[in-house]
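S.K.: need a structure here:
(chains A and B)
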Amino acid sequence: MHQRVLFLILACAQVLGYAAQDAARVVQSTSAAANASAPQPAAANGLDIRLPLQSKSIRFAVIGDSGTGDRDQYQVAQEMETYRQKVGFDFVIMLGDNIYGSHHPNDFTQKFELPYKPMLDAGVKFYAALGNHDDPNDERLYKPFNMGGERYYAFKKGDVAFFALDSNYMDPNQLSWIDQNLQNTKSKWKICYFHHPLYNEGRSHGPDLDLRTQLTPLFKRYGVNLVLSGHEHVYERIKPQDNIYYLVLGNSAKLMSKDLKSSDQMQKGFDSDRGFMLIEIGGDKLYFQVISRTGQTIDAGVFDRQAQPSATSATVH
Amino acid sequence: MFIWHIVRNGCLCCAFLAAVSVVGSSQTSAVAPVAVSPASPADAAIVKDFYARVSNYLDLRKKEAGSSPKPTNSAVKLAESKNEMAEKTQTARAEAKQGDIFTPEIAAYFRKRITAALAGPQGAKIRSSLRHAEPLHSMDLHVNQKYPDGLPFQSVPPTLLLNLPRLPKELEYRIVGRDLALHDIATNIIVDFIPGAVPSS
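M.R.: Numbers count the residues shown, from 1 in each chain, chains lettered A, B, ... in the order given. Have a look, this model is predicted:
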């Protein structure tokens, strides 16, 4: 009897040991710094949810290059709605190219209102940034995009300030506006989002170097925490640059297959399907999860809020 | 209720050059000062002439076609408003031709500014940004015609914009191939353009 109990204890210990080794291997393979705690996977009706779903947290979804009106966009939107019902995000930020091609009224229906109808009906708000395929006149005035009639604007959710910029036309007026508004915000978190990425390892477009030259000094000076961009039709998590996190998500309908080059600058890349991102911010943690069109988790992890310029850390699993 | 605020460009309004004309609209700041001061009195006169022509265009457009509508849920209303504004503007400027705003002197000034920016310390980055911005090479521009619906816009590098006279919010510069266009956002009309404004190398 004692031998049987001992055997069971040893067997369990071995299984747990394998599990721990496996978990460590997964973390190590994708982690920038493995010294912070990461959210544990939680199954909800078969969904792989990697967000902690804390009370009073800020939760939102991110889509980029979404407005094709084709089947892929609708499939991604359907997967978003499935997750929304469990995760409970109440707004979506759009990283540009919200309406591809013509901008006739029917395009707004087919490329935005219909694919996201369940979310719109549930009261989810969409906050758009302009891409190079967007019509700056029609879209800034289109109320469901919540741009307030402007090409660039800011809004706040809890302790998070969002700055939606127009990277198509970063003129001196907009640069002054960013400078002034970043300086004035008292929010703990500052998130900037716009279409053209400052860092990216895609073959099709690559980074916008001139835009980087103008924006990154402001982002550093005022402690921007996270920058989100689209344009390159892939997903990329960039190694933090100057203590700022950079994520690229331009594959919410379009896809540039096998577009990514391997690079030390890229911590995670995904260029084989479409997807969207979920973000939850609670206290000093920002949790993210990137989900493919077919419901696979592509990337997930947690960013610590940058208290000091040199205190960047990120854990992924 | 979650909208924090939308504050736009207000701080810039007090520093305008004498040449600047104020363009009234609830969404519109006045024409802002040139980012880089003209190097000579002759250049200052050219910039002053440019602003006067821009102001004349906007005065005419607003008189004949009005301004952009307020934000609406209806894409149909937006399309109708834009088309109506465009038709009225096109009718009012039926005789418009290339060079009305970008006169030879003004075009030469712009070419000089663009060439200087491309030859400056950010020149390589400007060129890189232009290459990565989905450039359009096969589109002919026509004054007083609409920018083709469905075609993407090529982004304009910020350092280039810093070297050009600032525009009122109703207008923007657009690069199409090597041409520089003056684009009316609300009507989607090409107001004027400079052929070959961006040097090829």
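
S.K.: how far does the worst-scoring helix or strand of chain B on mean pLDDT sit from the chain's center?
M.R.: Ranked by mean pLDDT, DSSP states H and E, the weakest helix or strand in chain B is helix B:123-131, scoring a mean of 90. Remark: helix B:123-131 is offset 20 Å from the chain centroid, using Cα atoms, centre = their mean, to the nearest Å.

S.K.: next one: stretch A:184-199
M.R.: Put simply, stretch A:184-199 sits 12 Å off its chain's centre (Cα atoms, centre = their mean).

S.K.: what's the straight distance from one end of that stretch to the other?
M.R.: End-to-end distance for stretch A:184-199: 26 Å, by Cα to Cα, to the nearest Å.

S.K.: Can you name every helix or strand that whichever helix or strand comes after the least confident helix or strand of chain B contacts?
M.R.: Once helix B:123-131 ends, the next helix or strand along the chain (criterion: DSSP states H and E) is helix B:158-162. Helices and strands touching helix B:158-162, by 3 or more Cβ pairs under 8 Å, 6 or more residues apart in numbering or on different chains; DSSP states H and E, are helix A:172-184, helix A:209-221, helix B:104-119, helix B:123-131. Bear in mind the C-beta positions are built from the backbone N, C-alpha and C, glycine included.

S.K.: buried stuff in the third one?
M.R.: Right, the one you point to is helix B:104-119. Neighbour counts over helix B:104-119 (16 or more other Cβ atoms under 10 Å in any protein chain shown) mark B:106-107, B:109-111, B:113-114, B:117-118 as buried.

S.K.: likewise stretch A:169-181?
M.R.: Buried residues in stretch A:169-181 (16+ other Cβ under 10 Å): A:169-175, A:177-178, A:181.

S.K.: swap in stretch A:76-92?
M.R.: Applying a neighbour-count criterion of 16+ other Cβ under 10 Å, one finds A:76-77, A:79-84, A:86-87, A:89-92 buried in stretch A:76-92.

S.K.: Quick one: mean pLDDT over it.
M.R.: Regarding stretch A:76-92, the rounded mean pLDDT is 97.

S.K.: what's the residue most central in space within chain B in contact with, if anything?
M.R.: Residue closest to the average C-alpha location in chain B (Cα atoms, centre = their mean): B:Glu172, at 2.6 Å. The neighbourhood of B:Glu172, defined by Cβ atoms under 8 Å, 6 or more residues apart in numbering or on different chains, consists of A:136, A:169, A:171, B:156, B:182-183, B:185.

S.K.: Show me the two of the residues you listed that sit farthest apart.
M.R.: Using Cβ to Cβ, the two most remote members of those are A:Pro136 and B:Leu182, lying 14.7 Å apart.

S.K.: now the buried residues of stretch A:76-92 in TSV, with distance to chain B and secondary structure?
M.R.: Listed next are the buried residues of stretch A:76-92 as TSV, based on distance: Cβ to the nearest Cβ, whole Å; DSSP: H, G, I helix; E, B strand; the rest coil:
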residue	distance to chain B	secondary structure
A:Val76	21	helix
A:Ala77	18	helix
A:Glu79	25	helix
A:Met80	20	helix
A:Glu81	21	helix
A:Thr82	25	helix
A:Tyr83	21	helix
A:Arg84	17	helix
A:Lys86	22	helix
A:Val87	18	helix
A:Phe89	13	coil
A:Asp90	9	coil
A:Phe91	8	strand
A:Val92	13	strand
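
S.K.: quick one: B:Lys146 and B:Val191 touch, right?
M.R.: No. Counting by Cβ atoms under 8 Å, B:Lys146 sits too far from B:Val191 to count as a contact (11.4 Å).
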